[in-house]
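K.L.:
here's a sequence, model it:
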Amino acid sequence: MTLSIFRLLARATLSTLLAVSAAQAQTTVNVPAPLKLRIGYQKSSTLITILKARGSLEKALAPLGVSISWNEFASGLPLTEALNADAVDFSADVADTVPVFAQAAHARFVYVAQEAPSPGAQAIIVKRNGPVRTLADLKGLRVAVTKAAGSHYLLLAALAKAGLAPADVRISYLTPADGRAAFERGSVDAWVTWDPYVASVDQAPDVRILANGAGLASYQRYYLASSSFAAAHPEVISTVFAQLSSAGAWVRSHPDDAAKLLAPIWGLDAATIERANGRRSYAVRAVETQNFGEQQKIADTFYRAGLLPAPVETSTALRWNFVAKRAEVAGVALTAR
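P.N.:
Okay, here's the model as predicted:
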C-alpha cells in the first residue's frame, strides 16, 4: 500500500513538473525578442551625434523595449546603400542629393524628416592666392568633391551658372578627409564640401570661400528609414522624430553648450564648431509636399550630367505621414525638363 501511494505521489509530482515546464516553454515562445534600432550616421550628423552623446534617444526608446546600435559612415551614399541592404534601419541626416541616388538604385526607403534649408553650410573652397577668382576660372582645373553629396550638386549648379559643363573641370571623387588632404597638399585646385569640414579650414589665412550655396543650392538634409521598419514600428519613428526636433531646438538655443559637447567628439575646437552650427538651420520638420520641390531639380541635374542611369521621378518617392502613421507617395509636380 505504501509503495502504491508513493508511486501515485511520484506520478502526480512528475505531471506537475511537466505542466510547469510546458507553461514556461510557452511563455518563452510568446515573449518577443528585444527590438534593436540600427542607426547609420556621419560625422556631420550633428543632432544624432548629440542624442548619442547625451544618451537621450536610448532613454526615450527604453519604454518601448528598443535598444540602439550606432554605425558611422564616411558619407551619405554608402549610408543609404547600407539602408537598402538592410544593414541599418534608420539614416541620420544626409544631403538632399543622396536620396535621389538611393531612389535611382530602387532602394526601399521612406523620407521621415528634413532640416530646413542651410545654403551657407556648404562651400567651394580655393586658395586665397591661387588662380581661381570667379566660378568661370574653375575651367580646366582639378576639383575634389564627395560623390552624390550635397556639395556635388553645389558644384554642378555653380558650373552651370558659370556656363560650364561638368566635363570642363577635372573632378576627383574623394571623401571629406581625403578631399581636405588633397586640397592642402595642392593636388587639387578647389575643394567642395560641407560643414563642419568647411569650418575646419575657412579661417585659415591661405583659404578663400569662392561660393556657398546661396542662390545655387538650398541644402536640405533628410532623415530616412527603411520602409519595412517604419511600417512595422511607427511608434519608434515618432519617438526618434520628437527627439531630433528637441535636439535641434537645444542646439539653436544653447550654441555654446552644443559646441563644447561636440568638440571632443569631432576633434575640433568649440569656436569652429559653433561657427559651423551657426550655418545650419537644425529646424527638423516633417517632409511636406511644398518643401520637396528641389529634389526633382537635383535628379534632373545629375541625370543630365550622366551620373544617374535613368531619369528619376522624385514624386514617386515615399514620405512618412505622422498623423496617419504610414508612408505615402510624395506627389510633387515634376519640373519641366
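K.L.:
which parts of this structure are strands?
P.N.:
Assigned by DSSP state E, the chain shows strands spanning 35-41, 66-72, 90-95, 109-115, 122-127, 142-145, 170-173, 190-194, 207-212, 221-226, 284-286, 318-321, 326-329.
K.L.:
to residue 102, which of those lies closest?
P.N.:
strand 109-115 (6.0 Å; Cβ to Cβ). (Each C-beta comes from the backbone N, C-alpha and C, glycine too.)
K.L.:
elements contacting the closest one?
P.N.:
helix 76-84, strand 90-95, helix 98-104, strand 221-226, helix 227-232, helix 234-253, strand 284-286, strand 318-321 (3 or more Cβ pairs under 8 Å, 6 or more residues apart in numbering; DSSP states H and E).
K.L.:
same thing but at 6 Å, please
P.N.:
Using 3 or more Cβ pairs under 6 Å, 6 or more residues apart in numbering; DSSP states H and E, the elements in contact with strand 109-115 are strand 221-226, strand 318-321.
K.L.:
and the angle from that strand to strand 221-226?
P.N.:
150 degrees (axes from the mean of the first three to the mean of the last three Cα atoms, to 10 degrees).
K.L.:
what does strand 109-115 contact?
P.N.:
Residues outside strand 109-115 that contact it (Cβ atoms under 6 Å, 6 or more residues apart in numbering): 83, 102, 220-225, 227, 230, 241, 281, 284, 287, 318-320, 327.
K.L.:
and it, average pLDDT?
P.N.:
Strand 109-115 shows a mean pLDDT of 97.
K.L.:
how about stretch 278-292?
P.N.:
For stretch 278-292, mean pLDDT is 93.
K.L.:
so for the residue nearest to residue 117 when sequence neighbours are not counted, what's the pLDDT?
P.N.:
Nearest residue to residue 117, sequence neighbours excluded (Cβ to Cβ, 6 or more residues apart in numbering): residue 218, at 3.9 Å. pLDDT recorded at residue 218 is 95.
K.L.:
correct me, but residue 218 touches residue 121?
P.N.:
No - between residue 218 and residue 121 no contact is recorded; they are 10.5 Å apart, counting by Cβ atoms under 6 Å.
K.L.:
for residue 235, which of the strands of the chain is the nearest?
P.N.:
strand 66-72 (9.1 Å).
K.L.:
mind listing what that closest one pairs with, with the direction of each?
P.N.:
Here strand 66-72 has these sheet partners by DSSP bridges: strand 35-41 (parallel).
K.L.:
buried sites along the partner strand?
P.N.:
37, 38, 39, 40, 41 (16 or more other Cβ atoms under 10 Å).
K.L.:
and the residue lying closest to the last one once chain neighbours are set aside, what is it in contact with?
P.N.:
Counting by Cβ to Cβ, 6+ apart, residue 92 is the residue found nearest to residue 41 once chain neighbours are left out, at 3.7 Å. Residue 92 sits next to 41, 45, 48 when contact means Cβ under 6 Å, 6+ apart.
K.L.:
what is the first one paired to in the beta sheet?
P.N.:
To tie it back to what came earlier, the one meant is residue 41. On the basis of DSSP bridges, residue 41 is bridged to residue 72.
K.L.:
tell me how far it lies from residue 100.
P.N.:
20 Å (Cβ to Cβ, to the nearest Å).
K.L.:
ditto for residue 139
P.N.:
26 Å.
K.L.:
okay, the two: which has more neighbours?
P.N.:
Between residue 139 and residue 100, counted using other Cβ atoms under 10 Å, the more crowded position is residue 100 (27 against 14).
K.L.:
check contacts around the more buried one.
P.N.:
Shown in contact with residue 100 (Cβ under 6 Å, 6+ apart): 298, 299, 312.
K.L.:
which non-adjacent residue is nearest the last one?
P.N.:
It refers to residue 312. Closest residue in space to residue 312, ignoring its immediate chain neighbours: residue 299 at 4.1 Å, by Cβ to Cβ, 6+ apart.
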